Every structure is written in structure tokens, then in C-alpha cells.
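Student: Build me a structure from this.
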Amino acid sequence: MLYPVGRMLWAATQAWDASALLGPSGVQAIVNTIVLGLATVLIAGVFGTALAILLTRYRFPGRNVLAAVAFLPFALPPLVGVLSFWYLIGHDGFLPRTASHYFGVDLSLRGWGAVLLIHGYSFYVFFYAMVSAALSSMDASLAEAARTLGASRWHAFTRVTLPLLRPSLAGAALLAFMSSGASFSAPYYFGQDFVVLSTAIFREQQQFRTGAALSMTVVLAAISLMGLALFRSSRRAAAHASKGTPRPLRSTAGRLLAAVAAWATVAVLLIPHATIVWLSFVDHREWQAELAPTAYTLSNYATLVQDPAKWQPVVNSLWMSAVATVVALAVGISAGYLIGRKRYGSATVGLMVMLPWALPGTVVGMCLLVAFNDPWMPAGMAIFMLPLAYFVRSVPLMTRVASASIETFDASLIEAARTLGASRWYSLRRVALPILLPGLVAGAALVFTQSLGEFVASILLYLPSNKPISIEIADVWNGSGIGAAFAYSVFLMALVIAAFAASHRLGGRASL
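Tutor: Got it, this is the predicted structure:
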């Protein structure tokens, strides 16, 4: 964990390029990164929190369907999501074409507006998930008691509900801010003149200005740490009570309005996924000036199956993601045990394994790139840079999941099994593992799916021999095989959904 970061910092001090940071483009990239992060927190926070309150506190037609699809952005890898939005709102996207054809107006989005829209869609889930969890453990009668004592609805929300939600909001804001700083795909394809540090680092590295790239890498890491200090909250909720239950909306107009809003939101959330699937069957060679495609084909999928070279990136992503998941499991469970049981050295271990959480993927990629360029490093080890990057980026997540599972595990169950004559191995296998397995399997699924679609570090570290599926999608998209890019994207989405489904099934069996 520490060696690549230390090696990068040392190399940055040796080749520090202040002009790259103080010049107009450098200053603009820094300002854009910070402003975009704060704007992402605001947009994602408003939508995600409102959705969490609506689904947690009220019952209305369509509520269960909306709750089921609210997590769909997690099933959309970053590059796949950008590809979908490109054909929805880009210059030649379907929505701008329709608006231009029928109304003569240009509704295409590029620059900071498009990037912010994609970030809001992708990162609102952090707020929705964390606020929903907090609201589910909060007694709704607290706010009702305040209303009974004469407080207005807004006053009860700001003085009763909001203080209880503050830790969850701070945690979600931290994740959204850091994810925005780490974002590469959306600014790279939609940014145009809106340059952020992640794309500026890649541009400088591609032009062999290593000093400028390293200097910007240090600044991006500093901004992420600044976000950690700004949004991290040690405050806990003032009180918790019994789980609140959703109450039905009493007015007919309220139920109708909520139902219409719910189904409209479901449709919006499904549009990017449906676009990818739809365009994967289109014959893009025949789609020229028409408003919508008229020719469809299965050749986009046939190309992937019939050509072994086209299938190799899928194989590469699978084995590299599997390696990263296995190693993250081993390290995450070990570190999670120390942290969850408060063993000696747990604070130091927790700090080390959580360090990559504060480092964007571009920073991690640059750290490993510098570290593997050391003369003593065997050249053949370069193929493992990508699995190592996947592991480094995902081990904080696996550690958090493992420590949470172990911390809530009652160790007296093991002692009871030992007292009844069970061996230590039998107690672990038949008592501890079935209880811990659902959480560990869910964490492993998150690591595996995150590694499958990783693009930020991959674009800096991949080699022709281990080219992953995300880079293949980008190359095919920029080349002549647009249809194959959509077919790859559908296959990647299917792998992500299958991994989550398998983890849910395994976790359910273990809990039985």
C-alpha cells in the first residue's frame, strides 16, 4: 500500500513542475475538479435524499418497483454509462436528433453540464443507500411528536430528522465528492474544454510530460484528502428508536402524484440500460441520417463469439478481477478481523488499508506506474500492474464489509460450540462461517464487479497482453466497430448482474 505512494511522492519531488499547476490550464483544472465535486454532492444529495425519504416514509403505487430499480446505476460500469449517455444526449444522440427534427432546437449536452448530469445519475445511489438505512432505523414518531408540539413540517425536518441524518449525509457526500474527483470517463468524453485533473494527468502522461503528470497527481490526491477532512463526520446520531414503518399517503391527489413521479423516475433510471441493449442489435453501418435506426442485426454479438481475439479482453478482465477479488478477500478478512475485534495494531492496519479510499484511480495508476518503472522490478511483473491496481482500489471496500460483519458477530457462539466439544476448525466452519458468509460474499461481489468495469487506472496501466474489456470497448468505440462496443457493454452489464445475483443466492443459502 505504502510503497507505490511513497515512490510516487519521491518521484514527484524530483521532477516537480510548478508551471503545470500555476499556468492557466493547470489552475482551471484544479478549480474545475473542486467545483465539479461540490456540485456533484449537491445534485446527487438532493435527488438521492429526496428519493430515500419518499420510499422509506411513504407507501404509494409503484413504490416497490422504484425501490428495486433505485440501485440500477451500480449495474452500469462507468465507461458503459458514458457510452449510453453519449448516444442519448451527445451531439448526434437520439434526444438531440429528435428535438432538432421536430422542434428545430439543439438540446445536445457537452462540457460541464453533461458531466454533472452523468455524475448526478451515477452517484445519487450513495445518498439513497445511506439515508435509507438511517431512516429505516429512525422512529418516525420523533418528527410527529415535534409536529404535535406545534413545529412546522420544515422545522421538524431541519431540527429533528436532519440532525439524525447528518452522519449518513456526511458519509454519502464524502463518497460522492471523492468519486467525482476520481471520475475519468465522463470528463474525458464529454468534457471538451472543461478539463479536470484526472483527464489532465492522462493528457500530460500521454505527451511524456512526466513531471507535470506527477505534480498534478499529488494535487489531486491532496484535493481528495481535503474532501475527506471536509465531509468526514465523527458525530453520531443523537438517538435511535424502533424501526419506522412507511405510512400511506392519505390524499388521492398525493397518491396519484407520487405514483406518476415514481413511474417516471423508473423510466428515467432504465433509459441508459435500455439504450445499451437496444443499440447492441442495430446495424450501425446502415444508420446514417435517419432519426432512428431501421436495420437490425445479430452480427455485433456474433463477432465476439466467432473471433478469439475479440473474446480475449473478456478473459483478461475475468482472470484479473478474480485474482484481485481473492487477494482482497484474504487481506480484507485478515484486516477486518483485527479492526472488528480491536486487536493490537488495528488502528495502524485500518489506516493503511483505507489509504487507497482517499486516492482516485488516476492517482493509484500513476503510483503503480512509477513503482513498476524501478530498475530492480522484473519486466515480466508489469502484467500484474492491473490486478494489483484493482486490488489496491478495492481492498478498503472489502475491509469495511469484513470488519462490519466481524464486529457484529457474537464470539460467545464459538465458545459455546467449543464447550460442547467441537474443534476450533469445526466451530469456525459450522458456526462462524454461515453467519459471516453473506456479508463476505456481498463484499466479494462488489470487488469483482468494480474490477470488471474499471477504466480509470486501466487506461494508464494496461498492456497488449492483458487488455481488459473496458479498454476494448473504448478502442472499438473510437474505431469502426460501434456495434461491437455495445455488445461488449451488454455482456459486461450481464456479468455484473450475474455476479450480484450469484452473491445474493450464495448469501441466502448461507443464512439458511
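Student: C-alpha only now, for contacts and for neighbours.
Tutor: Noted.
Student: Apart from its chain neighbours, what residue comes closest to residue 228?
Tutor: In space, and not counting its chain neighbours, residue 228 is closest to residue 174: 6.2 Å by CA to CA, 6 or more residues apart in numbering.
Student: how about the helices in the stretch 251-400 of the chain?
Tutor: Counting by DSSP state H, counting those that start in this stretch, the stretch 251-400 of the chain has helices at residues 252-279, 299-306, 308-340, 346-354, 361-371, 385-407.
Student: again with the stretch 51-200 of the chain
Tutor: Ranges of helices within the stretch 51-200 of the chain are 63-69, 78-89, 94-103, 112-136, 141-148, 153-156, 162-182, 185-190, 197-206, based on DSSP H, counting those that start in this stretch.
Student: now these in JSON lines, with distance to residue 4?
Tutor: Formatted as JSON lines, the helices of the stretch 51-200 of the chain follow (distance: least, CA to CA, whole Å):
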{"stretch": "helix 63-69", "distance to residue 4": "39"}
{"stretch": "helix 78-89", "distance to residue 4": "25"}
{"stretch": "helix 94-103", "distance to residue 4": "44"}
{"stretch": "helix 112-136", "distance to residue 4": "28"}
{"stretch": "helix 141-148", "distance to residue 4": "49"}
{"stretch": "helix 153-156", "distance to residue 4": "49"}
{"stretch": "helix 162-182", "distance to residue 4": "18"}
{"stretch": "helix 185-190", "distance to residue 4": "24"}
{"stretch": "helix 197-206", "distance to residue 4": "17"}
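Student: so which of those helices gets nearest residue 213?
Tutor: helix 197-206 (4.8 Å; CA to CA).
Student: same for the next helix or strand after the closest one, what does it pack against?
Tutor: Sequence order places helix 210-231 as the next helix or strand after helix 197-206, per DSSP states H and E. Contacts defined by 3 or more CA pairs under 8 Å, 6 or more residues apart in numbering; DSSP states H and E place helix 210-231 against helix 2-14, helix 18-22, helix 162-182, helix 197-206, helix 361-371.
Student: Is it possible to get TSV of those that adds distance to residue 36?
Tutor: Formatted as TSV, the helices and strands packed on helix 210-231 follow (distance: least, CA to CA, whole Å):
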stretch	distance to residue 36
helix 2-14	25
helix 18-22	18
helix 162-182	7
helix 197-206	11
helix 361-371	17
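Student: among those helices, which is nearest residue 262?
Tutor: Closest to residue 262 of the helices and strands packed on helix 210-231 is helix 162-182 (CA to CA; 22.6 Å).
Student: buried stuff in that closest one?
Tutor: Buried residues in helix 162-182, counted by 16 or more other CA atoms under 10 Å: 163-182.
Student: Only the C-alpha atoms, please, for that helix, written as CSV.
Tutor: C-alpha atoms of helix 162-182 as CSV (Å, rounded to 0.1, in the frame of the first residue of the first chain):
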residue,chain,number,x,y,z
LEU,A,162,-31.8,16.3,9.7
PRO,A,163,-29.5,16.1,12.8
LEU,A,164,-30.2,12.3,12.9
LEU,A,165,-29.3,12.0,9.2
ARG,A,166,-26.2,14.2,9.4
PRO,A,167,-23.6,11.3,9.7
SER,A,168,-25.2,9.5,6.8
LEU,A,169,-25.3,12.6,4.7
ALA,A,170,-21.7,13.4,5.5
GLY,A,171,-20.6,9.8,4.6
ALA,A,172,-22.5,9.9,1.3
ALA,A,173,-21.1,13.4,0.5
LEU,A,174,-17.6,12.1,1.1
LEU,A,175,-18.1,9.2,-1.3
ALA,A,176,-19.8,11.4,-4.0
PHE,A,177,-17.0,14.1,-3.7
MET,A,178,-14.2,11.6,-4.0
SER,A,179,-15.9,9.6,-6.8
SER,A,180,-16.3,12.9,-8.7
GLY,A,181,-12.6,13.7,-8.3
ALA,A,182,-11.7,10.2,-9.4
